[in-house]
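A.B. asks: Quick one: sequence plus predicted model below, questions after.
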Amino acid sequence: MGEQLNVNIITENLRTKLGLPKPRPTSYHLKMANQNMTRPLIIIRNLKIHIHGIPYIITFIILKNNVVDSNYSMLLGRHWFKNAKVTHDWGNNVTTIQSNGTIRTISVNKKLKVKTKRP
């Protein structure tokens with residue numbers, strides 16, 4: 001995926017922690033940034049999540065835990081960044097996200113606060 005990242009990914013551990021549907025086999029493979037091919041466990045479409053209190057509807061691909069760097073349980077793709085109008089201030093090391101007039105500024109050193117709700 002790497003430079004082509006247009007998908008949103010969460011690990012199987014995070015899927016379980018959030019109580020999302022159990023995986024079932026998928027029929028395709030993804031090419032990861034390291035050029036390895038992997039088969040997603042499941043796709044969860046139209047999942048409503050709140051990121052720092054702002055609701056977004058996102059489709060996630062669930063991958064086995066060993067496929068994604070253990071430092072990351074969620075990777076958001078370019079499509080989400082565009083929709084959330086994400087900007088980053090490198091001088092102050094803060095990221096700004098927004099939706100429907102709500103704006104949040106987040107210190108990059110903080111973990112994202114994420115809550116989910118099935119539509």
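C.D. replies: Happy to help now that I have it.
A.B. asks: Of all the residues in stretch 54-66, which ones are buried?
C.D. replies: Buried residues in stretch 54-66, defined by neighbour count with 16 or more other C-beta atoms under 10 Å: Tyr56, Ile58, Phe60, Ile61, Ile62, Leu63. In this view, the C-beta of every residue, glycine as well, is placed from N, C-alpha and C.
A.B. asks: The one helix or strand the fourth one maps to - contacts with which helices or strands?
C.D. replies: So that's Ile61. In the assignment (DSSP states H and E), Ile61 maps to strand 54-63. Under the contact criterion of 3 or more C-beta pairs under 8 Å, 6 or more residues apart in numbering; DSSP states H and E, strand 54-63 touches strand 8-11, helix 12-18, strand 42-51, helix 78-83, strand 94-99.
A.B. asks: mind listing what that strand pairs with, with the direction of each?
C.D. replies: According to DSSP bridges, strand 54-63 has the following sheet partners: strand 8-11 (parallel), strand 42-51 (antiparallel).
A.B. asks: And for the shortest one, what's in contact with it?
C.D. replies: Meaning strand 8-11. 1, 18, 58-65, 68, 72-77, 79-80 (C-beta atoms under 8 Å, 6 or more residues apart in numbering).
A.B. asks: that older thread, kindly reformat the strands paired with strand 54-63 as JSON lines and extend each row with mean neighbour count.
C.D. replies: Formatted as JSON lines, these follow (neighbours: other C-beta atoms under 10 Å):
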{"stretch": "strand 8-11", "mean neighbour count": "22"}
{"stretch": "strand 42-51", "mean neighbour count": "16"}
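A.B. asks: Dump those strands to TSV, plus mean pLDDT and distance to Trp90.
C.D. replies: Listed next are the strands paired with strand 54-63 as TSV, based on pLDDT from 0 to 100; distance: least, C-beta to C-beta, whole Å:
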stretch	mean pLDDT	distance to Trp90
strand 8-11	87	24
strand 42-51	87	21
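A.B. asks: Mind putting those into CSV with distance to Ala84?
C.D. replies: Formatted as CSV, these follow (distance: least, C-beta to C-beta, whole Å):
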stretch, distance to Ala84
strand 8-11, 11
strand 42-51, 8
